[in-house]
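>>> Provide a 3D model corresponding to the input given below.
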Amino acid sequence: HDILDNGITYYRSRLSYQQMLRSYDEDSRHWDYLISPNPFSSQAFTSAFNLDRGKLLEVGYPRVDFLVNADSNKCMELKRRYGLPLDKKVVLYAPTWRDDSFGIRGYRFELAVNFYKWKNQLGDDTVILFKPHYLISNVYQIPNDLSNFVYLMAASADINDAYLMSDVLITDYSSVFFDYANLNRPIYFYMYDFEQYEQELRGFYLKVPDELPNDVIRTEKELLRRLKEGVFDYERLRTFNQVFNSWNDGDVSSKVAKGIFYEN
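Model prediction:
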């Protein structure tokens, strides 16, 4: 209900704005609870889904327990399982879809990066873990001569695994950075189509970039420069986590269970 009607189709392909609203309203009518990760989201959820605030469980996200409680042994175990090198820096690229780009099978994503350029710029001590959003229907083929640099993770694979295996996150408008921030690792925002997304598609809840844990990067050249320099403002990330991740203490699953079953 917070998205303005600008005439495009939304999320569930080929639905008009009013059809999209009715679809979500029908879904939310069946919810007994909606879990909120922070006070900001509680406000957004109640307005976006036209929801009674009494249905909110304001405890954090259970899925983040996996990240908060994991150790280095778990990270190495996952790298072995997915066949990633154990001695190289792993950069996770996890972009999302665009509402105006879909086909018969679902949402499509046009890759706006040159992984050959990334390989040349980032060097032999770095690899890329490319994780498309699970709603993306088109399948990417990694060229043979990039197979030891770009590792394609299935869209259906658990994104939490990708978080733990990586040292750095690159994303765009995806919400993945909220969970990833709990790991206290660098996050970069590559938003090459910023104006179109802001003005023609969804827009933003947050004040961008002020409320993000990093600035917006609009060109691939600038992105690679910042990655090579490796400069990151951890204090800015700490401030972000204080606002958006303070409830994620590693015990959220237990709190949700108690909230649902009225345990003391």
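>>> the longest helix in the protein is where?
Looking across the chain with DSSP state H, the single longest helix is helix 17-29.
>>> residues of that one that come out buried?
The neighbour-count check on helix 17-29 (16 or more other C-beta atoms under 10 Å) flags 20-21, 24, 28 as buried. C-beta here means a position set from N, CA and C on the backbone, and glycine is covered the same way.
>>> Distance to residue 260 and pLDDT for these - can I get that in a markdown table?
Formatted as a markdown table, the buried residues of helix 17-29 follow (distance: C-beta to C-beta, whole Å; pLDDT from 0 to 100):
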| residue | distance to residue 260 | pLDDT |
| --- | --- | --- |
| 20 | 29 | 85 |
| 21 | 28 | 89 |
| 24 | 22 | 90 |
| 28 | 17 | 94 |
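>>> which one of the residues you listed sits closest to residue 205?
residue 24 (16.1 Å; C-beta to C-beta).
>>> my guess is that closest one meets residue 31, correct?
No. Residue 24 is beyond contact range of residue 31, at 10.7 Å (criterion: C-beta atoms under 8 Å).
>>> And for residue 164, the neighbour number?
22 (other C-beta atoms under 10 Å).
>>> next one: residue 153
Neighbours around residue 153, by other C-beta under 10 Å: 20.
>>> confidence score at it?
Looking at residue 153, its pLDDT is 90.
>>> With residue 263 instead?
pLDDT at residue 263 comes out at 57.
>>> ditto for residue 207
For residue 207, pLDDT reads 88.
>>> And it, its phi and psi?
phi -80, psi 110 (degrees, to the nearest 10).
>>> Please report how far it lies from residue 245.
18 Å (C-beta to C-beta, to the nearest Å).
>>> Of those two, which one has the most company?
Neighbours were counted for residue 207 and for residue 245 using other C-beta under 10 Å; residue 245 has more, 21 against 8.
>>> And residue 15, its phi and psi?
phi -90, psi 140.
>>> if I look at it, how far off is residue 21?
As for residue 15, its distance to residue 21 is 9 Å (criterion: C-beta to C-beta).
>>> mind listing the strands in this structure by residue range?
Using DSSP state E, the strands of the chain run over 34-36, 56-58, 89-93, 102-103, 106-107, 126-130, 150-152, 168-171, 187-190, 216-217.
>>> What is the second one packed up against?
Identification of packing neighbours for strand 56-58 by 3 or more C-beta pairs under 8 Å, 6 or more residues apart in numbering; DSSP states H and E yields strand 34-36, helix 39-48, helix 252-261.
>>> wait, residue 191 sits on residue 214?
No. Counting by C-beta under 8 Å, residue 191 sits too far from residue 214 to count as a contact (11.1 Å).
>>> In the stretch 101-250 of the chain, where is pLDDT below threshold?
101-110, 133-139, 195-203 (pLDDT under 70).
>>> how near is residue 124 to residue 73?
As judged by C-beta to C-beta, residue 124 and residue 73 stand 26 Å apart.
>>> ugh, wrong one, residue 19
Plainly put, residue 19 is 48 Å away from residue 73 if you go by C-beta to C-beta.
>>> what's the answer for residue 240, then?
From residue 240 to residue 73 the distance is 28 Å (C-beta to C-beta).
>>> what do you get for residue 35?
Applying C-beta to C-beta, the value for residue 35 to residue 73 is 29 Å.
>>> Looking at those two, which one has more neighbours?
Here residue 35 and residue 73 are compared on neighbour count by other C-beta under 10 Å; more neighbours surround residue 35, at 20 against 8.
>>> If I look at that one, what pLDDT would I see?
Residue 35 carries a pLDDT score of 97 in this model.
>>> who's it bridged to?
Counting by DSSP bridges, residue 35 forms beta bridges with residue 57.
>>> among the strands of the chain, which is nearest residue 65?
Among these, strand 34-36 comes nearest to residue 65, with 12.3 Å by C-beta to C-beta.
>>> and that closest one, how far out from the chain's middle?
Put simply, strand 34-36 sits 17 Å off its chain's centre (C-alpha atoms, centre = their mean, to the nearest Å).
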